[in-house]
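# Output the structure for:
(one chain, ligands or ions: 1)
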Amino acid sequence: MHPSIFNDVIGPVMRGPSSSHCAAALRIGRLARDLMGADFQEVLVEFDRQGSLPTTHESQGSDMGLFGGLMGWDAADERLPGSAEALRETGVRIRIETVDVGDAHPNTYRLTLRRTPDVQHTLIAISTGGGMIEVIDIDGFEVSLFGDYHETLLTVIGDGPSFVQRLAASVEVDEIRLHEHGGKKLVQVKAAEFLSETILSELREVSPDLQVTRLAPVLPIASRQDTTVPFTTCEEMLRHDAGRNTPLWRLAVQYEMARGNLTEPAVMAKMVEIVRILRRSIQQGVAGTHYEDRVLGHQSGKFSQLMETGRLLDGGALNRIVLYVSALMEVKSSLGVIVAAPTAGACAALPGAVMGMADELRSSEEDMAKALLASGLIGTFIATRWTFAAEVGGCQAECGSAAAMAAAALVTLARGSLPQAVAAASMAFQSMLGLICDPVANRVEVPCLGKNVLAASNAFSCANMALADYDPVIPFDEVIETAERVAGQMPRELRCTALGGLSITRTSLAIEAQLAGKKAAGCGASGCGCSP
Ligand code: SF4
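Sure, this is the predicted structure:
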């Protein structure tokens, strides 16, 4: 399925340090809850030893998200920090184990949920970056499910193909798939709505033991069968434009209208809403945030004071950008509401650059939304070919992508041309290749703040270079391919496992031990999930 700007790139709106941990785990949890009909007493969570999750699931918020999802909560729910306690208070027993199963993806969640000793379901899902997920296995059946449909699962006894034929003849749905495993059959139906009771009654006439499970969508933009988009790569987009110099934001609107079956006003309204969320978060960050379980305290307030009184080096708009990036990172680390754009780890570079520059230029809310849309389209080209997951691509996948997106957004704010926006994206991404992921103390704060600032500053420079018609030389699509190749050459230790780089410095390990000690002592990091 083609990525959607609102599903895959600018969003989710969420709380927590990492979208590939918190938001993705929450979505997986919600699907698992639906699989159990919201009725379960025990959860076993298993992570492969060679993956990234054994070392990061607690500190980067997977547990918080997963338990929140199992409670049926939203990604921005203010109760999320207390999700573990909340789940335990409902009587659910939680076990988390590390296993040796050789999962192919570093972010694989293996869940076993039990209602009674005899009633249990299993679900295996992967977090693919930026809060996106794929469920790849349910009860041993190999499935593919992204949370973008109403999914009705039917456990069928009898002749599977003729059941599917009968179903296909009586309903109009997007897709029907028959899965077989161990002599059992599962029919997966993807549609805009769940199968109606009328249809189910008809099906029960031929298959009386039919068992029905409904998995509600967890993504904001639904998918449809045979969705087409006008272009999927930068090169295709430029060919589509055929030299007309259509603004990048307008091409983004065309893309998202086709992808999400939305009107232009609906696309604009969704992005304006995101601008407003970002505005509130920036104000909250500058005003000051507090949270026990984090490495860095409130720093942006002093930066703001010094900036307003002319006591910083004169960086022009760049200082406001640094301020906004810092504010957003502080909101993130205090579990406030942020927009993963494209990820929570890299949530600040793009919005900080766009909102900071827009405030300097006194741009309208609509102009900010247009700039974010432009950046979103650049992000879809990355998501189509590659990933935003640091576990796969290191920080070049997170902050590198954010820098490319922000550079195109800034050119859009400056009303530069389409080729200039694309050139800015290419130059910005080129400069971020090879960036490793090595979070200090296993928290998404240090060097993440600096890397977000770097991405935004790089975007600012590349936007101006592009406006002056600097030549990026390497087309943007080829830079994405290169990032993927570089990722393949990066050791696992430098891809968000906290096993290399700054993560294993003496200071990082000491801070990690200190934070863990506070937790074990019941530090008051409200709902940190550390119940003994
Ligand atoms: S170093 Fe980069 S990729 Fe890694 S957690 Fe920090 S922001 Fe994310």
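# Going along the chain, name the strands of the stretch 101-250 of the chain.
Assigned strands in the stretch 101-250 of the chain, in chain order: 108-116, 119-129, 132-138, 141-145, 150-156, 175-181, 184-191, 211-215 (criterion: DSSP state E, counting those that start in this stretch).
# So which of those strands is nearest Asp469?
Nearest to Asp469 among the strands of the stretch 101-250 of the chain is strand 119-129 (33.0 Å), distances taken as CB to CB. To be clear about C-beta, it is placed using only N, CA and C from the backbone, and glycine gets the same treatment.
# Look up how far Ser375 lies from Arg244.
Here the criterion is CB to CB, to the nearest Å. By it, Arg244 lies 21 Å from Ser375.
# quick one, which of those two is more surrounded?
Ser375 (34 against 7; other CB atoms under 10 Å).
# Sticking with the more buried one, tell me its helix or strand.
Element membership for Ser375 (DSSP states H and E) is helix 365-385.
# now Gly356
helix 349-361.
# Any part of that helix near the ligand?
No. No part of helix 349-361 sits near the ligand under the criterion CB under 6 Å from any ligand atom; the closest distance found is 8.9 Å.
# re the thing from before, buried residues in the helix holding Ser375?
Within helix 365-385, the residues that qualify as buried are 367-384, counting by 16 or more other CB atoms under 10 Å.
# which residues touch the residue in the chain that the ligand sits nearest to?
Closest residue of the chain to the ligand, CB to the nearest ligand atom: Gly345 (2.7 Å). Taking CB atoms under 8 Å, 6 or more residues apart in numbering as the definition of contact, the neighbours of Gly345 are 17-20, 390, 395, 398-399, 444, 448.
# and these, which of them are in helices?
Secondary-structure check on the contacts of Gly345 using DSSP state H: residues within helices are 390, 395, 448.
# so which of the residues you listed is the most crowded?
In terms of neighbours by other CB under 10 Å, the ones in helices among the contacts of Gly345 top out with Ala390 at 34 neighbours.
# what's the closest residue to Leu449 other than its chain neighbours in contact with, if anything?
Once its chain neighbours are removed from consideration, Leu449 has its nearest residue in Met329; the separation is 4.8 Å (CB to CB, 6 or more residues apart in numbering). When contacts are counted by CB under 8 Å, 6+ apart, Met329 touches 285, 296, 347-348, 445, 448-449, 452.
# For stretch 454-469, what is the distance to the chain centroid?
For stretch 454-469, the distance from its own C-alpha centre to the chain's C-alpha centre is 25 Å (CA atoms, centre = their mean, to the nearest Å).
# Contact residues of this protein facing the ligand?
Of all the residues in the chain, those lying near the ligand are 345-346, 390, 395, 398-399, 437-439, 444, 447-448, 451, 496, going by CB under 6 Å from any ligand atom.
# Can you add distance to Glu151 and pLDDT and give those residues back as a markdown table?
Written out in a markdown table, the entries for the residues of the chain next to the ligand read as follows (distance: CB to CB, whole Å; pLDDT from 0 to 100):
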| residue | distance to Glu151 | pLDDT |
| --- | --- | --- |
| Gly345 | 29 | 93 |
| Ala346 | 30 | 96 |
| Ala390 | 29 | 93 |
| Cys395 | 34 | 98 |
| Glu398 | 29 | 96 |
| Cys399 | 34 | 98 |
| Cys437 | 32 | 97 |
| Asp438 | 38 | 96 |
| Pro439 | 34 | 96 |
| Val444 | 31 | 92 |
| Pro447 | 40 | 98 |
| Cys448 | 35 | 97 |
| Lys451 | 37 | 98 |
| Cys496 | 29 | 91 |
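# Low-confidence ranges, this structure, go.
Scanning the chain for pLDDT under 70 picks out 519-532.
# who's sitting farthest from the centroid in it?
Each residue of the chain has a distance to the centre, and by CA atoms, centre = their mean the biggest one is for Glu205: 42.5 Å.
# Show residues contacting the longest helix seen in the chain.
Using DSSP H to define each element, the chain has its longest helix at helix 264-287. Residues outside helix 264-287 that contact it (CB under 8 Å, 6+ apart) are 6, 10-11, 13, 253, 256-257, 260, 262, 300-301, 304, 323-324, 326-331, 336-339, 351-352, 355, 365-366, 368-370, 372-373, 376.
# Taking those residues, please make a PyMOL selection of just the buried ones.
The PyMOL command for the buried members of the contacts of helix 264-287 (criterion: 16+ other CB under 10 Å) is given here:
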select buried, resi 6+10+11+13+253+256+257+260+262+300+301+304+323+324+326+327+328+329+330+331+336+337+338+339+351+352+355+368+369+370+372+373+376
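# The nearest residue to His298 once chain neighbours are set aside - how many residues pack around it?
With CB to CB, 6+ apart as the measure, Gly288 is the residue that lies nearest to His298, at 4.8 Å, once sequence neighbours are left out. By other CB under 10 Å, the residues close to Gly288 number 13.
# For Gly288, grab phi and psi.
Geometry field for Gly288 lists phi and psi as phi 120, psi 130, criterion degrees, to the nearest 10.
# same question, Ile96
Listed backbone geometry of Ile96 is phi -120, psi 130, with angles given as degrees, to the nearest 10.
# Wait, it touches Ser62, no?
No. Taking contacts as CB atoms under 8 Å, Ile96 lies outside contact range of Ser62: 9.4 Å.
# the more surrounded of those two?
In this comparison of Ile96 against Ser62, neighbours counted by other CB under 10 Å, the higher total goes to Ser62 at 30 against 16.
# what residues are up against the more buried one?
Counting by CB under 8 Å, 6+ apart, Ser62 touches 21-22, 25, 53, 56, 109.
# now those residues in JSON lines, with distance to Val267 and neighbour count?
Written out in JSON lines, the entries for these read as follows (distance: CB to CB, whole Å; neighbours: other CB atoms under 10 Å):
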{"residue": "His21", "distance to Val267": "29", "neighbour count": "32"}
{"residue": "Cys22", "distance to Val267": "26", "neighbour count": "33"}
{"residue": "Ala25", "distance to Val267": "28", "neighbour count": "34"}
{"residue": "Leu53", "distance to Val267": "35", "neighbour count": "29"}
{"residue": "Thr56", "distance to Val267": "34", "neighbour count": "28"}
{"residue": "Tyr109", "distance to Val267": "32", "neighbour count": "27"}
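# Just want the angle from the longest helix of the chain to helix 349-361.
Here the directions of helix 264-287 and helix 349-361 differ by 90 degrees (axes from the mean of the first three to the mean of the last three CA atoms, to 10 degrees).
# which residues sit against the helix or strand following helix 264-287?
Using DSSP H and E, the helix or strand that directly follows helix 264-287 along the chain is helix 300-308. Outside helix 300-308, the residues that touch it by CB under 8 Å, 6+ apart are 285-288, 312, 319-320, 322-323, 326-327, 330.
# if we go to 7 Å?
Contacting residues not belonging to helix 300-308 are listed as 285-286, 288, 312, 319, 322-323, 326-327, 330 [CB atoms under 7 Å, 6 or more residues apart in numbering].
# In helices, which of these fall?
Using DSSP H, the members of the contacts of helix 300-308 that fall in helices are 285-286, 319, 322-323, 326-327, 330.
# what's the most distant pair in those?
Maximum pairwise distance in the ones in helices among the contacts of helix 300-308, criterion CB to CB, is 16.6 Å, between Asn319 and Glu330.
# just to revisit the earlier point, distance to Ser417 for the ones in helices among the contacts of helix 300-308 - can I get that in CSV?
Below are the ones in helices among the contacts of helix 300-308 laid out as CSV (distance: CB to CB, whole Å):
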residue, distance to Ser417
Gly285, 33
Val286, 34
Asn319, 27
Val322, 27
Leu323, 29
Ser326, 32
Ala327, 31
Glu330, 36
